[in-house]
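**Q** what's the 3D shape of this:
(one chain, ligands or ions: 1)
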Amino acid sequence: MRILLVEDDPMIGEAVRKGLRAEGLALDWVRTVGDARLALVGAAYDLVLLDLGLPGGDGLQLLRAMRAQGNSGPVLIMTARDSIADRVAGLDAGADDYLVKPFALDELSARVRALARRSAGRADPVLRLGAIAVDPARHQVSVDGKAVKLSAREFSVLLSLIERPDTVLSRTQLEERVYGWGEEVGSNAIEVHVHALRRKLGADVIQTIRGVGYTMSDKESAR
Ligand code: CA
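**A** As a prediction, the model looks like this:
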């Protein structure tokens, strides 16, 4: 899952970046409305975390512009503006959720997971495919009910694939979902993670579509 964080406060930005990256989420951080516009043109984001008081403009203007341009991705406003009128204005401008600062990182993470579920059309917080179950909130993975330990990156690759069964993701698409800007990506990093996942979860869990990428399919992984 790739997230765009639009936040000019260095302490809040750093805390959110560290916290969400530790959960295996790829996060790009911009500090102005102008940089946010450029980032939104350059990449597809699964979620935007949007501060309102920003250098170069107001987050609400950016949000209205996004919606007017047909960008329907989830947006969570995080701001110190806590009046009811502000919340109503934020939601009515097209936000999906509204979190008032100061907030606990745990609550932000839970809201991020809820928005990811909703945008994928799911209600069950646990993702299941064949014998595999993935619980993003607890960072737990099991095969046939037996817990399996994964690294943060392996977890992120697995989550990206299992969220979209029968969809083929290229190596580049997986890199975009697993690594944020400025994070070192080895040339065969995704292959290494897929190899580890097959070793831990079963050889036939992830299928390679030669020359295209990787997929997880309900039919193949059912045993
Ligand atoms: Ca601000």
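**Q** Now do the same for stretch 89-109: mean pLDDT, whole number.
**A** For stretch 89-109, the mean pLDDT works out to 97.
**Q** Not counting that stretch itself, show me its contacts.
**A** Outside stretch 89-109, the residues within contact range by Cβ atoms under 8 Å, 6 or more residues apart in numbering are 12, 15-16, 19-20, 23, 49-50, 52, 60, 63-64, 66-67, 74-82, 87, 111, 114-115, 118. (Glycine included, C-beta is placed from N, CA and C.)
**Q** near the ion, which residues of the chain?
**A** The chain comes close to the ion at residues 8, 51, 53, as judged by Cβ under 5 Å from the ion.
**Q** so what's the second one up against?
**A** This points to residue 51. Residue 51 neighbours (Cβ under 8 Å, 6+ apart): 6-9, 12, 59, 77-79.
**Q** can we see that at 7 Å?
**A** Going by Cβ atoms under 7 Å, 6 or more residues apart in numbering, residue 51 touches 6-8, 59, 78-79.
**Q** Which residue does this structure have closest to the ion?
**A** residue 53 (4.0 Å; Cβ to the ion).
**Q** I'd like to know which of the contacts of stretch 89-109 are part of helices.
**A** Counted as lying in helices by DSSP state H, out of the contacts of stretch 89-109, are 12, 15-16, 19-20, 60, 63-64, 66-67, 87, 111, 114-115, 118.
**Q** where along the chain do the strands fall?
**A** Taking DSSP state E as the criterion, the chain carries its strands at 2-6, 26-30, 47-50, 53-54, 57-58, 75-79, 97-100, 127-129, 132-135, 140-143, 146-148, 207-209, 213-215.
**Q** Give the buried residues for the second one.
**A** So that's strand 26-30. In terms of neighbour count (16 or more other Cβ atoms under 10 Å), strand 26-30 has its buried residues at 26-30.
**Q** so what does it touch, helix or strand wise?
**A** strand 2-6, helix 10-22, helix 33-42, helix 171-178 (3 or more Cβ pairs under 7 Å, 6 or more residues apart in numbering; DSSP states H and E).
**Q** Throw the ones you listed into TSV and include distance to residue 95, mean neighbour count and mean pLDDT, thanks.
**A** Below are those laid out as TSV (distance: least, Cβ to Cβ, whole Å; neighbours: other Cβ atoms under 10 Å; pLDDT from 0 to 100):
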stretch	distance to residue 95	mean neighbour count	mean pLDDT
strand 2-6	12	24	96
helix 10-22	17	15	94
helix 33-42	14	16	95
helix 171-178	23	19	93
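**Q** Can you say which of those is nearest to residue 187?
**A** With Cβ to Cβ as the measure, helix 171-178 is the member of the helices and strands packed on strand 26-30 nearest residue 187 (9.7 Å).
**Q** Residues touching that closest one, excluding its own?
**A** Helix 171-178 is contacted by residues 1-2, 26, 43, 153, 156-157, 160, 185, 190, 213-214 when judged by Cβ under 7 Å, 6+ apart.
**Q** Many thanks, we can stop here.
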